[in-house]
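In: show me the folded form of this:
(one chain, ligands or ions: 1)
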Amino acid sequence: MGTVLLSSLHAYYTSRTEATRDYKGIPVLAVNYKAYPTAFGETGLAIALTAEKLAEEYDGIIRFILAVPATEIVRISESTDKALVYAQHADPVEPGAHTGYLPLEALKEAGAKGTLLNHSEHRIRLSDIDTIVRRATQLGLETLVCADTPTAAAAAAILSPTMIAVEPPELIGTGVPVSKAKPEVITSTIQLVRMVNPDVPILAGAGITTGEDAATAIKLGANGVLVASAVMKAKDPEAKLLELAEALAKAAEKKSQQ
Ligand SMILES: O=C(CO)COP(=O)(O)O
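Out: Below is the predicted model:
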């Protein structure tokens, strides 16, 4: 790719992402609550309070994101600050006659700081991702776009979301970690995404269960992990969050010394 094209793409990314936080260098621990029974009511809130406590302890070391069900955004965002509350999906509509849809403005009003988009369990069209990322940036909301393959991740990265996550659907919820079973998915994603977007943080997800799984993702070059069942189905979610946070912090520190 020509240098002129690359530098104009870079200027474009900078203009699109300046409304959002600087994630550079700080590993991300993103927890997707999905619609697990523990995601709602008191249990969902308890997990968020634990994450908030850890986010305060690990301030400047780990960035915590909680992608919670739409019904829980108000409750959880009222009790968190350092752990950022995201929605799990947004629709490409403005407030108006759209029964059952989730406009970005409504998510923001409820207290969300961003939204997950295009999860394998809730896919949307590329053109809709483009619209939502653009509008979210204007509204000061972050976007974490999920992709199922390295090429899909690169396609999403060109839209300049706040972050990208690659998650092979066949490993989601299996407890078989992408970082060990399919490390090439992470390394190819990094390689392809960096060809079109030099800065966007890249998370790895699917089957990430232990601190070691998370550390391996960092070793492979990921900027963080997106996890669900390991935390939401844990007997002790607090211990699991701590295990993941400690491992991410250690792996990131080791990496920065290399
Ligand atoms: O889909 C995921 C996160 O968005 C990954 O799910 P698991 O962590 O349960 O494999």
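In: longest helix in the protein, by number of residues?
Out: helix 237-257 (DSSP state H).
In: ranges for the strands of the stretch 101-250 of the chain?
Out: 114-117, 142-147, 163-166, 202-205, 224-227 (DSSP state E, counting those that start in this stretch).
In: identify whichever of the ones you listed lies nearest to residue 26.
Out: For residue 26, the closest of these is strand 224-227, at 8.4 Å, according to Cβ to Cβ. For the C-beta atoms, the positions are set from N, CA and C on the backbone; glycine is no exception.
In: how about the residues of the stretch 51-200 of the chain by the ligand?
Out: Residues of the stretch 51-200 of the chain lying close to the ligand (Cβ under 6 Å from any ligand atom) are 119, 167, 172, 173.
In: if any of the residues you listed are buried, give me the PyMOL selection for them.
Out: Filtering those down to the buried ones (16 or more other Cβ atoms under 10 Å) takes a single PyMOL command:
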select buried, resi 119+167+172
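In: any chance of JSON lines for the residues of the stretch 51-200 of the chain next to the ligand, columns pLDDT?
Out: Shown next, in JSON lines, are these (pLDDT from 0 to 100):
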{"residue": "119", "pLDDT": "98"}
{"residue": "167", "pLDDT": "98"}
{"residue": "172", "pLDDT": "98"}
{"residue": "173", "pLDDT": "98"}
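In: helix or strand right after the helix or strand of the chain with the lowest mean pLDDT?
Out: With mean pLDDT, DSSP states H and E as the measure, the helix or strand of the chain carrying the lowest mean pLDDT is helix 3-17 (a mean of 53). With elements assigned by DSSP states H and E, the helix or strand that comes after helix 3-17 is strand 28-32.
In: and the contacts of the helix or strand following that next one?
Out: Moving toward the C-terminus from strand 28-32, the next helix or strand (DSSP H and E) is helix 41-57. Under the criterion Cβ atoms under 8 Å, 6 or more residues apart in numbering, residues 31, 33, 37-38, 62-64, 66, 68-69, 72, 75-76, 79-83, 85, 231-232, 237-238, 241-242, 245 lie in contact with helix 41-57.
In: ok, of those, which come out buried?
Out: Using 16+ other Cβ under 10 Å, the buried members of those are 31, 33, 38, 62-64, 66, 68-69, 72, 75-76, 80, 82-83, 85, 231-232, 237-238, 241-242, 245.
In: one step back: dump the strands of the stretch 101-250 of the chain to a markdown table, plus mean pLDDT.
Out: Output for the strands of the stretch 101-250 of the chain, formatted as a markdown table (pLDDT from 0 to 100):
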| stretch | mean pLDDT |
| --- | --- |
| strand 114-117 | 98 |
| strand 142-147 | 98 |
| strand 163-166 | 98 |
| strand 202-205 | 98 |
| strand 224-227 | 98 |
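In: and those strands: which comes nearest residue 183?
Out: strand 202-205 (9.2 Å).
In: tell me what the closest one is packed against?
Out: strand 28-32, strand 163-166, helix 178-181, helix 183-196, strand 224-227 (3 or more Cβ pairs under 8 Å, 6 or more residues apart in numbering; DSSP states H and E).
In: report the central residue of this protein.
Out: residue 144 (4.6 Å; Cα atoms, centre = their mean).
In: pretty sure residue 167 sits against residue 208.
Out: No. Checked against Cβ atoms under 8 Å, the pair residue 167 and residue 208 is beyond contact range at 9.4 Å.
In: quickly list what's touching both of those two.
Out: The contact lists of residue 167 and residue 208 share 178, 226, where a contact means Cβ under 8 Å, 6+ apart.
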